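Engineer: Kindly generate the corresponding structure for this input.
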Amino acid sequence: MKPREFDPRRLDIERFAAEGGALEGDWPLAGMQRLCDACHVAPGADAADRVRWSAGGEQRRRAGQAAQAWLHLTLDAKVDLTCQRCLSAVTVGLVVDRWFRFVDGEERAAALDAESEDDVLASSRTFDLHELAEDELLLALPLVPRHEVCPQPLAAPIGAGDPHDDPGPAESPFAALAALKRMPH
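Structural biologist: Coordinates of the predicted model:
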């Protein structure tokens with residue numbers, strides 16, 4: 001019997017898990033618009049701008065319960081983000097390795113997800129693995145991307161002089177007030 005072909009953009013989760021399905025490949029980073037919007041410069045059609053992914057399905061039984069579908073998703077990508085120190089591009093590696101449990105219905109998934117440590121999603125016959133991959137990569141983005149050591153020296157703040165020029169001791173603001181009080185009215 002020929003193994004079933006699964007479409008990652010319209011994945012029947014229950015069947016994929018029941019058959020122990022496995023998929024892998026790569027997607028162009030440019031095809032993930034929300035992720036591209038977070039990048040320093042939108043990725044082009046360069047072969048290096050790819051998301052490497054794999055997905056595997058399995059069924060697990062818990063005591064006294066029917067078998068549930070599980071999906072193991074791994075992702076690997078490199079994106080250029082804006083360094084928050086020097087504002088130039090910094091390449092960041094994004095790696096995701098997650099398990100998802102699938103249950104019937106959005107309400108049940110939301111309730112179980114809130115009370116469980118597992119990531120719980122609603123089962124579907126047309127599940128979009130590409131969309132889940134983009135969501136997970138967005139969640140993997142660092143809050144404050146930055147270089148370990150910026151490639152260019154940082155610019156001095158506006159109004160700041162050369163730190164090597166010593167202007168001498170600064171005049172006290174209270175001395176200026178005292179001088180104002182001594183002025184004739």
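Engineer: Would you report the backbone torsion angles of residue 176?
Structural biologist: Per-residue torsions, residue 176: phi -60, psi -40 (degrees, to the nearest 10).
Engineer: so what's it scoring on pLDDT?
Structural biologist: Residue 176 is assigned a pLDDT of 76 by the prediction.
Engineer: now swap in residue 67 and tell me
Structural biologist: Looking at residue 67, the pLDDT reads 89.
Engineer: Could you pull out the strands in the chain for me?
Structural biologist: For the chain, applying DSSP state E gives strands covering 22-28, 50-60, 68-82, 89-103, 119-122.
Engineer: Give me the residues contacting the shortest one.
Structural biologist: Yep, that's strand 119-122 we're talking about. Strand 119-122 has contacts (Cβ atoms under 8 Å, 6 or more residues apart in numbering) with 98-106, 108-109, 112-113, 132. All C-beta spots, glycine's among them, are computed from the backbone N, C-alpha and C.
Engineer: Apply 10 Å and report the result again.
Structural biologist: Residues from elsewhere that reach strand 119-122 (Cβ atoms under 10 Å, 6 or more residues apart in numbering): 13, 68-69, 71, 73, 98-114, 127, 132, 136.
Engineer: Tabulate the CA atom coordinates of it in CSV.
Structural biologist: Written as CSV, here are the backbone C-alpha positions of strand 119-122 (Å, rounded to 0.1, in the frame of the first residue of the first chain):
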residue,chain,number,x,y,z
ASP,A,119,0.1,23.3,24.1
VAL,A,120,-3.4,22.4,23.1
LEU,A,121,-5.0,23.2,19.7
ALA,A,122,-8.3,22.4,18.1
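Engineer: That concludes my questions; thank you for your assistance.
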